[in-house]
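Engineer: Dropping the sequence and predicted coords here.
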Amino acid sequence: MAKMQLDIMKLEMAASKLRAMAHPMRIAIIDLLNDTEKLSVTQIYKKLKLEQASASHHLNILKNKGVLVSRRDGKKIYYSLKSRTLKEIIDCINRCNEE
């Protein structure tokens, strides 16, 4: 059996993303985007009943850590999940909550 070599940089990046995701409101944002391809900041804060500044703060953290991507369309900024793998992580978290 070949010994698997760990890439420390990749592990650090993964840990950084997981730390960014490890907040109840950020999990809620990711879960919301898991069900919808893209949402504007306004749609996100209204659906989650947040203050706009709070939603923007959490979205900025998730974007800076590479969890979300954003696209500007006029005055609106739309967010979506960067990777399908994140959807699998959220699905796993949701399955864990069912037990």
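Structural biologist: The structure has been received and is ready for your questions.
Engineer: Which parts of the protein are strands?
Structural biologist: 39-40, 68-73, 76-81 (DSSP state E).
Engineer: could I get those as TSV with distance to Ser16, mean pLDDT and mean neighbour count?
Structural biologist: Yep, even glycine has a C-beta here, placed from its N, CA and C like the rest. Shown next, in TSV, are the strands of the chain (distance: least, CB to CB, whole Å; pLDDT from 0 to 100; neighbours: other CB atoms under 10 Å):
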stretch	distance to Ser16	mean pLDDT	mean neighbour count
strand 39-40	24	96	17
strand 68-73	14	95	14
strand 76-81	17	95	16
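Engineer: mind putting these in TSV, distance to Ala14 included?
Structural biologist: Below are the strands of the chain laid out as TSV (distance: least, CB to CB, whole Å):
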stretch	distance to Ala14
strand 39-40	25
strand 68-73	16
strand 76-81	16
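Engineer: how about these, which one is nearest Ala22?
Structural biologist: strand 68-73 (15.0 Å; CB to CB).
Engineer: Dump that closest one to PDB, restricted to CA.
Structural biologist: Extracted in PDB, the C-alpha atoms of strand 68-73 (Å, rounded to 0.1, in the frame of the first residue of the first chain):
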ATOM      1  CA  LEU A  68     -18.500  32.000  -2.000                       C
ATOM      2  CA  VAL A  69     -18.100  33.900  -5.300                       C
ATOM      3  CA  SER A  70     -19.800  37.200  -6.100                       C
ATOM      4  CA  ARG A  71     -20.900  38.800  -9.300                       C
ATOM      5  CA  ARG A  72     -22.100  42.400  -9.700                       C
ATOM      6  CA  ASP A  73     -25.100  43.200 -11.900                       C
END
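Engineer: shift numbering so it begins at 16
Structural biologist: Sure thing, new numbering starts at 16, so read that last one as strand 83-88.
Engineer: quick check, distance from that strand to the centre of its chain.
Structural biologist: 13 Å (CA atoms, centre = their mean, to the nearest Å).
Engineer: What of stretch 95-109?
Structural biologist: Centre to centre, stretch against its chain (CA atoms, centre = their mean), the figure for stretch 95-109 is 8 Å.
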